[in-house]
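*Asks:* Need coordinates for the below:
(chains A and B)
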2 protein chains.
Amino acid sequence: MKNDNDLFLRACRGERGSRPPVWLMRQAGRYLPEYREVRKKVDFLTLCRTPELAAQVTIQPIDRLGVDAAILFSDILVPAPAMGLNLDFNPGPVVDPPVRSADDVARLVVPEIEQEVPFVYETIRILRRELAGRVPLIGFAAAPFTLAAYLVEGEGSRSFGQWKRMLYGAPEVAEALLDKTTETTIRYLVAQVRAGAQAIQLFDTWAGLVSAEDYAAFSLPYVKRVLTAVRAEGVPTIYFALNAAHAAHEVATCGADVLGADWRTPLSGAHPLQGNLDPCVLLADVATVRRRTLAMLQDGAGLPGHIANLGHGIFPETPVDNAIAFVETVKSFRG
Amino acid sequence: MKNDNDLFLRACRGERGSRPPVWLMRQAGRYLPEYREVRKKVDFLTLCRTPELAAQVTIQPIDRLGVDAAILFSDILVPAPAMGLNLDFNPGPVVDPPVRSADDVARLVVPEIEQEVPFVYETIRILRRELAGRVPLIGFAAAPFTLAAYLVEGEGSRSFGQWKRMLYGAPEVAEALLDKTTETTIRYLVAQVRAGAQAIQLFDTWAGLVSAEDYAAFSLPYVKRVLTAVRAEGVPTIYFALNAAHAAHEVATCGADVLGADWRTPLSGAHPLQGNLDPCVLLADVATVRRRTLAMLQDGAGLPGHIANLGHGIFPETPVDNAIAFVETVKSFRG
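*Replies:* Alright, predicted model coming up:
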């Protein structure tokens, strides 16, 4: 099925169109009243696991904001139960029991993923049908390092001390775990592409917590394995390592078609980049949103490809008008 | 009074001694049983405000770990009440009411600091007497940007959305606030030096939350003003901007004698550096602490001056033996 709007897919290939494509990380979310309506009826995990509802909220920002791509509504920890762990949201993710030892790692399952999370693939099939080529659909997963970080820590954390204790003190256990999160992620993403995802984003939210040297040892090789497998399926890949400007040199070697950039990473270099407005800008007024979005677009105008986006997920308290102003500013830009 | 141990002060001047000096950020703290004993009797703020007790806990790590410098036991928000705000710890800092508008900023007082926080200066005088030249005493404060971030946000935060909303949307209000935090910080630190502090560290804990361009606009000029005023008092200055590797070029122009580095910032360059072991290393085992500390020392051996330290404050759950292993590894190093 041909896409009526191929700005996003062309930018992934490094082609510059009449303007940059635009979407927002976490664009299906609590800042939208229509999303909050759906969430009144079901909890977050149930929403992820109910294909009709997940497809419905995926499409909400396409209708409301007019963005150029849809992204599967799900969570990066959705594969955790398939690996044999309990998952809850309270409101942040809680993985139980946390993975702390070689025995814990040995017990983890590399799942038959399509049997374990069939709702993900059903959501994708519904979305391709309902989107009907209006905009392309992005699938996603956590990078192996970030998934492992959550499995070890058991919850979000400022410092991820448990995960780092394993990385620094028992690297062979961490590597065994990373092998399992890598293999799981490959299966998870390849099946997303086969179900209909037209591009894949890999979120390495916690990659920036370690030095460039540790990043090169414990994240990058696993990212490369995932990206190689996904690219072999014929879709473009986006790799987003948050807060990793200090490891920019290593990140640039990962093999993704597009690199995600947060607001600390300049929009310059030889790769197509996606980003990078600080989502806190959308907490200010419309004039500020326009001014800072325009500055971002001008910075991105020299790139071999620029996908306009935020540098991190949109905040729940964002006024919808500011999200609209962001998208409209990109759509009226001729750079 | 001459210091028996001048390794730290000499490293601040860029002189290499027989080995790097060593101390730990937050070395007086909950990981020490003798500190927890004192805290059983008083709450955190009372401890900061009681000179005899603050001096006692300042000296504990000198005795227990054998570090080469003492740092005043206090908190970077101690000046907030002197500016007209309420301060509590619960357990993180809570500033009330948060500063959100031009009117709020106008109401803030630039205090007669020695009258408002006399306990800080009394603690310093006691410490100089009790240390008796055993090791030098470091005074400290928050950088103007970081102090302003807390005053606006009202508490710690992952994203500091309120502060950024002001920075991005009402920069003239932010600048008026930064002028007041700068002037307060200058008075606060100059008085620390006059009371006896022999070096000053400026903590810019939240500088890394913004882009290099915003850092250059909203933090760096104020840091320069503070450092100029403190250096005129004749003591060395250390400036520590956490997670600011992306703004390393700008940070390097601040005018400090020593730059603090976290574990994301390589120990290289033309400045004396202080750092940079990830404090999470001290959550692992003694062998890991020794191995990673040695690697850090080897990285720092090419610097024009290296002060061995962590890249952030030591965690409360750190085993004391690991802190001792860190210090001992530095003290037995001949680089």
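
*Asks:* And the helices in the stretch 101-250 of chain A, which stretches?
*Replies:* A:102-107, A:113-116, A:118-131, A:144-153, A:161-169, A:171-195, A:212-218, A:220-231, A:248-251 (DSSP state H, counting those that start in this stretch).

*Asks:* Single out the most deeply packed of those.
*Replies:* By mean neighbour count, with neighbours taken as mean count of other CB atoms under 10 Å in any protein chain shown, helix A:144-153 ranks first of these at a mean of 27. Placement of C-beta: from N, CA and C, glycine included.

*Asks:* Which positions in chain A make contact with chain B?
*Replies:* By CB under 8 Å from any CB of the partner chain, the part of chain A that sits against chain B consists of A:158-162, A:164-165, A:168-170, A:208, A:210-212, A:243, A:245-247, A:263-266, A:278-281, A:283-285, A:288, A:292, A:312, A:315, A:317.

*Asks:* Can you name every helix or strand that the helix or strand harbouring A:Ile324 contacts?
*Replies:* Assigned by DSSP states H and E, A:Ile324 belongs to helix A:320-331. Helices and strands touching helix A:320-331, by 3 or more CB pairs under 8 Å, 6 or more residues apart in numbering or on different chains; DSSP states H and E, are helix A:51-65, helix A:286-300.

*Asks:* Residues in contact with it: which ones?
*Replies:* A:19-20, A:22, A:24, A:27, A:31-33, A:61, A:64-67, A:277, A:282-286, A:289-290, A:293-294, A:297, A:308, A:310, A:314 (CB atoms under 8 Å, 6 or more residues apart in numbering or on different chains).

*Asks:* ok, A:Leu303 - contacts?
*Replies:* Contacts for A:Leu303 (CB under 8 Å, 6+ apart) come out as A:267-269, A:271-273.

*Asks:* ok so, going back, mind giving me a markdown table with the helices of the stretch 101-250 of chain A and columns for mean pLDDT and distance to B:Leu259?
*Replies:* Shown next, in a markdown table, are the helices of the stretch 101-250 of chain A (pLDDT from 0 to 100; distance: least, CB to CB, whole Å):
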| stretch | mean pLDDT | distance to B:Leu259 |
| --- | --- | --- |
| helix A:102-107 | 98 | 39 |
| helix A:113-116 | 97 | 47 |
| helix A:118-131 | 98 | 47 |
| helix A:144-153 | 98 | 28 |
| helix A:161-169 | 98 | 24 |
| helix A:171-195 | 98 | 30 |
| helix A:212-218 | 98 | 18 |
| helix A:220-231 | 98 | 27 |
| helix A:248-251 | 97 | 20 |
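
*Asks:* CSV for the ones you listed, including distance to B:Gln198?
*Replies:* Shown next, in CSV, are the helices of the stretch 101-250 of chain A (distance: least, CB to CB, whole Å):
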stretch, distance to B:Gln198
helix A:102-107, 48
helix A:113-116, 61
helix A:118-131, 61
helix A:144-153, 40
helix A:161-169, 33
helix A:171-195, 41
helix A:212-218, 34
helix A:220-231, 43
helix A:248-251, 38
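
*Asks:* on that earlier part again, farthest-separated two in the contacts of A:Leu303?
*Replies:* A:Ser268 and A:Pro272 (12.0 Å; CB to CB).

*Asks:* Looking only at neighbour counts, state which of these two leads.
*Replies:* A:Pro272 (23 against 12; other CB atoms under 10 Å in any protein chain shown).

*Asks:* Neighbours of the nearest residue to that one once chain neighbours are set aside, how many?
*Replies:* Computed as CB to CB, 6 or more residues apart in numbering or on different chains, the closest residue to A:Pro272 that is not its neighbour in sequence is A:Gly305, at 3.0 Å. Other residues lying near A:Gly305 total 21 when counted by other CB under 10 Å.

*Asks:* swap in A:Gly29?
*Replies:* Neighbour count of A:Gly29, defined by other CB under 10 Å: 21.

*Asks:* so who does the closest residue to it other than its chain neighbours touch?
*Replies:* Leaving aside its sequence neighbours, A:Gly29 sits nearest to A:Tyr35 (CB to CB, 6+ apart; 5.9 Å). Contacts here follow CB under 8 Å, 6+ apart; on that basis A:Tyr35 touches A:28-29, A:57, A:60.

*Asks:* ok, so of the contacts of A:Leu303, who is nearest A:Asn3?
*Replies:* Distances from A:Asn3 to these, taken by CB to CB, are shortest for A:Pro272, at 17.6 Å.

*Asks:* List phi and psi for the closest one.
*Replies:* Taking degrees, to the nearest 10, you get phi -60, psi 130 for the backbone angles of A:Pro272.
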